[in-house]
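>>> structure for this input, please:
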Amino acid sequence: MRESERYNEYELVYMILQGDEHSLQLLLHQYQPKINAIIKQNCTYQVMIRHHEGDLHQVAAAALMRAVLEYREEKGISFSTFSGRCTLQTVGRFCIFRFESAGKSRTVDCCHLSCQSG
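This next block holds a predicted model:
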C-alpha cells in the first residue's frame, strides 16, 4: 500500500489543518489524476496545456489547498465534490485569463461552479 493510500481524504484534510505539511503532499498525490483530468477537460487548447502545464498544476494545487481551508463537512457535500468544484472553477478562470491576455477571441469551455458549498 502506498503512503498516500493509507489515509482517506478526510483524515488528510484534518492533518493538514493541524499543520502537517506532509499530509498536503499526500493529498496532492491522491488528487493528481483528478487534477490532470480537470486540466485536460477544461483547457481546450493542447498548446496552452503544453506551454502552461506547470502554471496549471500550481493553480490547481492552490485551489486544492483553498478547498481544504474552506471545506465544511456539515454543509452536506463531500470533500471530493467540493475540491473538484474549487479546482474546476480556478483552472477555468486561469484558462480564460490566459486566452484573454493572449488576445484570443475564442472562450475556453469551463464550468463556473461556486467553490462555496452552500
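
>>> mind listing what's buried in stretch 53-68?
56, 57, 59, 60, 61, 63, 64, 65, 66, 67, 68 (16 or more other Cβ atoms under 10 Å). Every residue, glycine included, has its C-beta placed from N, CA and C.

>>> ok, so what distance separates the second one from residue 18?
Between residue 57 and residue 18 the distance is 25 Å, computed by Cβ to Cβ, to the nearest Å.

>>> same question for the third one.
Taking Cβ to Cβ as the measure, residue 59 falls 25 Å from residue 18.

>>> related to what we said a few turns ago, farthest-separated two in the buried residues of stretch 53-68?
Maximum pairwise distance among those (Cβ to Cβ): 19.1 Å, between 56 and 68.

>>> so what pLDDT did the most centrally placed residue in the chain get?
For the chain, residue 87 is the residue whose C-alpha lies nearest the centre (Cα atoms, centre = their mean; 2.9 Å). According to the prediction, residue 87 has pLDDT 93.

>>> ditto for the one 5 residues further on
What the model reports as pLDDT for residue 92 is 84.

>>> okay, and it sits in which element?
helix 79-101 (DSSP states H and E).

>>> that helix packs against which elements?
Where contact means 3 or more Cβ pairs under 8 Å, 6 or more residues apart in numbering; DSSP states H and E, helix 79-101 is packed against helix 9-17, helix 21-42, helix 46-70.

>>> could you say what helices and strands the shortest one packs with?
Yep, that's helix 9-17 we're talking about. helix 21-42, helix 46-70, helix 79-101.

>>> please apply the same query to the last one.
Packing contacts for helix 46-70, counted by 3+ Cβ pairs under 8 Å, 6+ apart, involve helix 9-17, helix 21-42, helix 79-101.

>>> could you list the low-pLDDT ranges of this protein?
Along the chain, segments meeting pLDDT under 70 span 1-4, 44-51, 99-118.
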